[in-house]
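K.L.:
Coordinates only, no sequence provided:
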């Protein structure tokens, strides 16, 4: 039996430059300000990257490898929970495509090679919209959003 795979695509427009968007994704001190995590790597093809919680524990929550990097327009990485790092089947792929669009940037994040119905798929479908909204707010206003906010009860 073959595992069904799926993908998730999110597109947002940000009043910024490709360079600033790329740096916000790849520079740990910037990512922590809108994501609460740092993306840590030397950002060379084949290098590992780690998604490290920006707190005292510094927990590594996600891991992967840099597949392709073309600053400031494209970054492709593999992606897995750190607890599943030894299982090749647990890895998915994330592509950040950054395109100039008049006086702004169109950021397209494609997360593919996801197992349909998996916990990872459910997590990224909730996570990416919040993280990318926070990235947009951070670059446009200097402040990310509260990624842990809960809906107000009706």
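P.N.:
Perfect, thanks for sending it. Note that this is a predicted model, so its numbers are computed, not measured.
K.L.:
Please identify the buried residues of the helix ranked longest in the chain?
P.N.:
Among the segments of the chain that qualify as a helix by DSSP state H, the longest is helix 119-141. Applying a neighbour-count criterion of 16 or more other C-beta atoms under 10 Å, one finds 120-121, 124, 128, 130-136, 138-139 buried in helix 119-141. Yep, even glycine has a C-beta here, placed from its N, CA and C like the rest.
K.L.:
Show me what that helix is packed against.
P.N.:
Counting contacts by 3 or more C-beta pairs under 8 Å, 6 or more residues apart in numbering; DSSP states H and E, helix 119-141 packs against strand 5-14, helix 18-26, helix 28-35, strand 104-115.
K.L.:
Tell me which of those approaches residue 42 most closely.
P.N.:
helix 18-26 (10.2 Å; C-beta to C-beta).
K.L.:
so the closest one versus helix 119-141, what angle?
P.N.:
Per axes from the mean of the first three to the mean of the last three C-alpha atoms, to 10 degrees, the angle that helix 18-26 makes with helix 119-141 is 130 degrees.
K.L.:
Go through helix 18-26 and flag the buried ones.
P.N.:
18, 21, 22, 23, 24, 25, 26.
K.L.:
Could you dump the residues you listed into TSV with distance to residue 78 and pLDDT added?
P.N.:
Shown next, in TSV, are these (distance: C-beta to C-beta, whole Å; pLDDT from 0 to 100):
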residue	distance to residue 78	pLDDT
18	23	98
21	21	98
22	19	98
23	21	98
24	20	98
25	15	98
26	15	98
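K.L.:
Tell me, how many residues neighbour residue 111?
P.N.:
Using other C-beta atoms under 10 Å, residue 111 is surrounded by 21 other residues.
K.L.:
How about residue 101?
P.N.:
Using other C-beta under 10 Å, residue 101 has 12 neighbouring residues.
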